[in-house]
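Participant: only geometry, no sequence info:
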């Protein structure tokens, strides 16, 4: 603790030069004091080097904490103020016109699927949306695998005629 008191002014100057903030330097030196008060310094060979290393670690920890706080605060702001989920930049989002166009194409596709004959529609939705195999569909509907294939061909042919 004697070495700390002797080096305190030097430590403040050293960290003020590194952080460009006398207040930040004072906080770092205070943190050094707190850490020293809980350490057994009998095994330390070079006390001055230890003080500067301890202070450098404190300075890095504080910088990392500020970075984490900035990221956290930015995420909060983006989510709660703009309604935009974190991780999505505005540049990555489609334009309003592209979203409207996609919605209209989806609506036309849904209408086309709904216009399929009932059995053909069931086969198509079971295969494409429920991810069932042709064999499973054949068993569930009580029809042959060949009939399932024919329904899928009909559905795909009609949907390919669908204008995007």
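Facilitator: Great, that's in hand. Owing to the predicted nature of the structure, the values given are computational and were not obtained by experimental measurement. Numbering: from 1, shown residues only.
Participant: from here on, just use CA atoms for contacts and neighbour counts.
Facilitator: Fine.
Participant: quick check: closest non-adjacent residue to residue 144.
Facilitator: Excluding the flanking residues, the one nearest residue 144 by Cα to Cα, 6 or more residues apart in numbering is residue 138, at 5.4 Å.
Participant: so where's the protein shaky on pLDDT?
Facilitator: For the chain, residues meeting the criterion pLDDT under 70 lie at 81-92, 162-164.
Participant: identify each buried residue in the longest helix belonging to the chain, please.
Facilitator: The residue-count maximum for a helix in the chain (DSSP state H) belongs to helix 47-81. By 16 or more other Cα atoms under 10 Å, the buried positions in helix 47-81 come out as 51-52, 54-56, 58-59, 75, 78.
Participant: and those, which is closest to residue 104?
Facilitator: Nearest to residue 104 among the buried residues of helix 47-81: residue 78, at 28.8 Å, using Cα to Cα.
Participant: and this protein, what are its domains?
Facilitator: Domain assignment for the chain by automatic domain parsing gives 2-81, 94-161.
Participant: picking up where we left off before, run the chain-centre distance for the following helix or strand past the longest helix of the chain.
Facilitator: With elements assigned by DSSP states H and E, the helix or strand that comes after helix 47-81 is helix 96-114. Computed by Cα atoms, centre = their mean, to the nearest Å, the chain-centroid distance of helix 96-114 equals 29 Å.
Participant: so after helix 96-114, what's the next helix or strand?
Facilitator: helix 118-128.
Participant: for residue 37, which non-adjacent residue is spatially closest?
Facilitator: If the residues on either side of it in the chain are set aside, residue 37 comes closest to residue 1, at 7.9 Å by Cα to Cα, 6+ apart.
Participant: what's around the one you found, how many residues?
Facilitator: Neighbour count for residue 1, taken as other Cα atoms under 10 Å: 11.
Participant: that one contacts residue 34, doesn't it?
Facilitator: No: using Cα atoms under 8 Å, residue 1 makes no contact with residue 34, being 10.7 Å away.
Participant: wait, what's in contact with the residue nearest to residue 144?
Facilitator: By Cα atoms under 8 Å, 6 or more residues apart in numbering, the residues touching residue 138 are 144-145, 147-148.
Participant: pull the most distant pair out of those residues.
Facilitator: Largest separation among these by Cα to Cα: 144 and 148, giving 6.5 Å.
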